[in-house]
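Engineer: take this sequence and fold it.
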Amino acid sequence: MIAKVQTLVLDCPDVLELARFYQALLGGEVNRPDRRWSLNDDWATLHTDGGVLCFQRVKDYLAPRWPDPAYPQQFHLDFEVEDVSEAAAKLRELGATVLHEDRWIVMADPAGHPFCLLRAH
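Structural biologist: Predicted coordinates for the structure are as follows:
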């Protein structure tokens, strides 16, 4: 092993809005003091039991448009949930949108990043 994942950084137009969205989804603490990062209007963090997500403000941010390759998704996250429909409803209330429904639901966070809700095994 050469390295291990420290965090996942998501580009977005509003760092606190996206940090709070993922806090509602995953729990955790927004902008906990951490010697690794300086917190400001362009950078926010979310410390969770599963690790750290970071949010970086990007000027002139362009959201992905799944599944349009002209606006690639850049990354996506898969989240395991007990009830896919119930989780999707709660996330819509928080500003997420549904992109596709099948055996799982593909959603976009408020900044347009796609993610999937999968039924827990």
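
Engineer: center of the protein - which residue?
Structural biologist: Tyr22 (5.6 Å; C-alpha atoms, centre = their mean).

Engineer: isn't that residue right up against Thr45?
Structural biologist: No. Shown here, Tyr22 and Thr45 do not form a contact pair, counting by C-beta atoms under 8 Å, at 10.3 Å. To be clear about C-beta, it is placed using only N, CA and C from the backbone, and glycine gets the same treatment.

Engineer: now the common contact residues for those two.
Structural biologist: The contact sets of Tyr22 and Thr45 overlap at Leu53 (C-beta atoms under 8 Å, 6 or more residues apart in numbering).

Engineer: can you give me the helices in this structure?
Structural biologist: 15-26, 84-93 (DSSP state H).

Engineer: if we go by neighbour counts, what in the lowest-mean-pLDDT helix or strand in the chain is buried?
Structural biologist: Taking mean pLDDT, DSSP states H and E as the measure, the helix or strand of the chain with the lowest value is strand 77-81, at a mean of 87. Within strand 77-81, the residues scored as buried using 16 or more other C-beta atoms under 10 Å are Phe79, Val81.

Engineer: elements contacting it?
Structural biologist: The helices and strands touching strand 77-81, judged by 3 or more C-beta pairs under 8 Å, 6 or more residues apart in numbering; DSSP states H and E, are strand 114-119.

Engineer: from the contact counts, what lies against the strand it packs on?
Structural biologist: Going by 3+ C-beta pairs under 8 Å, 6+ apart, strand 114-119 lies up against strand 77-81, helix 84-93, strand 105-108.

Engineer: who touches it?
Structural biologist: Contact with strand 114-119 is made by 64, 66, 73, 76-84, 87-88, 91, 99, 103-109, as judged by C-beta under 8 Å, 6+ apart.
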